[in-house]
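Asks: Sequence and predicted structure, then a few things I'm wondering about:
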Amino acid sequence: MNSFLNLLLSTDKKQRVRIRRFLLSSVVFFIGIISILFVAFMGKMTVSTALILSFGMVVSCLGFYITLRSKLNLRFKEPALTVPQVLVAMTWISLAYASTGIAHASTLILFALVMVFGIFVMNPRSSIIAACYAAVSLASVIVYKVITEPSVYLWDVELVSFLMFVATMATITSLSQQLAKMRNRLKAQTQELEQAVSYIEKIAAYDELTGLINRRRMTEVLAEHSRNNSRQTEGFAIAMLDLDHFKSINDKYGHATGDLVLSNFGQAAREVLRDIDILSRWGGEEFLLLMPKTNSGHPNTGIERLRAYLACIQVSSKLPDLRIGFSVGFTCYQAGESIYDTIKRADAALYQAKAQGRNCTVIS
């Protein structure tokens, strides 16, 4: 069953929606064909005319289906081809109106049905074009039939029918415009909601001051790497970093300078560390770095490169001698252990680095 639907409707989600919508709208053609054949069966129109109209409608349907199913519709600005379908349908309805004799009034409802199918996807301009085309085509048919068959197409009855038709088209067009405004408003609200959700997700995952991911997000990343370690032949290492004398900097120069130190450290780390390394602000002046191992060298190389880079950059023009130093506790994740045990081992190594005089790395 699924294979048949895929063959009929395509496997492309957007194309399936377009084809489904087309098949549903084809009900109008089906109703028209049944009505025409019934009128011919009752002897109110010639069989040849009924067959020609029915054949034309079937060919139109097949033409649109083939265009949609073969994806030729994607070459057009409006891939659903809604307006062409509506205009073609109204052309056939107008011809049916001119051919069904005393039963012609019954075809008027098909105009409204076509417009109803179109209002959910047409923009205001397209709905106006469709309504005007329907009015002009029907008016032309009425004038012609009143002249050629005045006994069947009575001018006063036709006038009333046409006025009611125009009122109906105007109402449907107005509804179409209101629906279009609602769609646009809903689309705008959806975009605003997506932006808000994206902003909230960013706030939830990133530290605003340093631009690094926060502890919550890093915990998720560590858990993911721990689960996937069995598929990573090289494994990974983590390092706990602590900015040296940060409390003294805050006390001596103020929290604004402390914030500047944190911000400069985060920016320098993003510039110097490898793209595959993930650094997070773990808390206060403490950072946690995850480093996937590679065959190109020891992951601690990046830490030393960052240390050398920070020794050369100026934190503040007002404090030209202020430099950022940091101590590191480095360890490798051991398969099967809890990630918290790894962090605990890195933290213990960090305390050793601070005890050894700071601005150095201790590997555990």
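Replies: All right, it came through fine.

Asks: so what's I363 closest to, chain neighbours aside?
Replies: Using Cβ to Cβ, 6 or more residues apart in numbering and skipping the chain neighbours, the partner closest in space to I363 is F330 (4.6 Å). C-betas here are computed from N, CA, C, even on glycine.

Asks: Quickly run through the sheet partners of the strand or helix carrying that neighbour, with directions.
Replies: Assigned by DSSP states H and E, F330 belongs to strand 326-332. Here strand 326-332 is paired, per DSSP bridges, with strand 236-243 (antiparallel), strand 361-363 (parallel).

Asks: thinking again about what came up before, look up how far L243 lies from the residue nearest to I363.
Replies: Noted for F330: a distance of 16 Å to L243, by Cβ to Cβ, to the nearest Å.

Asks: Compare the two (neighbour count), which wins?
Replies: For F330 versus L243, neighbours defined as other Cβ atoms under 10 Å are more numerous around F330 (24 against 21).

Asks: isn't that one right up against G302?
Replies: No. Assessed by Cβ atoms under 8 Å, F330 is found out of contact with G302, at 10.9 Å.

Asks: Just list whatever residues bridge to the residue nearest to I363.
Replies: Bridge pairing for F330 - DSSP bridges - gives A239, I363.

Asks: State the distance from it to S151.
Replies: For F330 relative to S151 (Cβ to Cβ), the value is 101 Å.

Asks: Show me the contact partners of the worst-scoring helix or strand of the chain on mean pLDDT.
Replies: In the chain, no helix or strand scores lower on mean pLDDT, DSSP states H and E than helix 2-9, which sits at a mean of 76. Identification of contacts with helix 2-9 by Cβ atoms under 8 Å, 6 or more residues apart in numbering yields 15-16, 19-20.

Asks: which one among the residues you listed gets closest to L193?
Replies: R16 (25.8 Å; Cβ to Cβ).

Asks: for the closest one, phi and psi?
Replies: phi -60, psi -40 (degrees, to the nearest 10).

Asks: Let me know the pLDDT of it.
Replies: On pLDDT, R16 comes in at 88.

Asks: and the gap between the residue nearest to it when sequence neighbours are not counted and F30?
Replies: Closest residue in space to R16, ignoring its immediate chain neighbours: L9 at 4.5 Å, by Cβ to Cβ, 6+ apart. Using Cβ to Cβ, L9 is found at 18 Å from F30.

Asks: These two - which one has more neighbours?
Replies: L9 (18 against 12).

Asks: So what's the residue count around the closest residue to K71 other than its chain neighbours?
Replies: Nearest non-adjacent residue to K71, counting by Cβ to Cβ, 6+ apart: Q15, 6.7 Å away. Counted with other Cβ under 10 Å, the neighbours of Q15 add up to 18.

Asks: what residues does the host helix or strand of Q15 touch?
Replies: Q15 belongs to helix 13-25 when elements are defined using DSSP H and E. Here helix 13-25 makes contact (Cβ under 8 Å, 6+ apart) with 8-10, 64-65, 68-69, 71, 73, 79-81, 85, 89, 114, 117, 121.

Asks: buried sites along it?
Replies: Using 16 or more other Cβ atoms under 10 Å as the test for burial, helix 13-25 gives 15-16, 18-19, 21-22, 25.

Asks: domains for this structure, by residue range?
Replies: Per automatic domain parsing, the domain ranges recorded for the chain read 2-197, 215-363.

Asks: Could you export the ones you listed to TSV, including columns for distance to Y206?
Replies: Shown next, in TSV, are the domains of the chain (distance: least, Cβ to Cβ, whole Å):
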stretch	distance to Y206
domain 2-197	15
domain 215-363	7
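
Asks: now for these, which one comes closest to A205?
Replies: Of the domains of the chain, nearest to A205 by Cβ to Cβ is domain 215-363, at 4.1 Å.

Asks: ok so, going back, state the distance from the residue nearest to R16 to A80.
Replies: 14 Å.

Asks: Could you check how far the least confident helix or strand of the chain is from the centre of its chain?
Replies: 25 Å (Cα atoms, centre = their mean, to the nearest Å).

Asks: Stretch 110-128 too?
Replies: Here stretch 110-128 is found 26 Å from its chain centre; the criterion is Cα atoms, centre = their mean.

Asks: Ok, stretch 211-229 next?
Replies: 27 Å.

Asks: ok, now stretch 334-347?
Replies: The mean C-alpha position of stretch 334-347 is separated from the chain mean by 40 Å, Cα atoms, centre = their mean.

Asks: cool, stretch 179-189 as well?
Replies: 16 Å.

Asks: What are the buried residues along that stretch?
Replies: 179-180.

Asks: then it to PDB, C-alphas only?
Replies: The C-alpha trace of stretch 179-189 is given here as PDB (Å, rounded to 0.1, in the frame of the first residue of the first chain):
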ATOM      1  CA  LEU A 179      -7.400  34.100   5.100                       C
ATOM      2  CA  ALA A 180      -4.300  35.400   3.400                       C
ATOM      3  CA  LYS A 181      -3.900  38.100   6.100                       C
ATOM      4  CA  MET A 182      -4.300  35.400   8.700                       C
ATOM      5  CA  ARG A 183      -1.700  33.200   7.100                       C
ATOM      6  CA  ASN A 184       0.800  36.000   6.800                       C
ATOM      7  CA  ARG A 185       0.200  37.000  10.400                       C
ATOM      8  CA  LEU A 186       0.500  33.400  11.500                       C
ATOM      9  CA  LYS A 187       3.700  33.000   9.500                       C
ATOM     10  CA  ALA A 188       5.100  36.200  11.100                       C
ATOM     11  CA  GLN A 189       4.200  35.000  14.600                       C
END
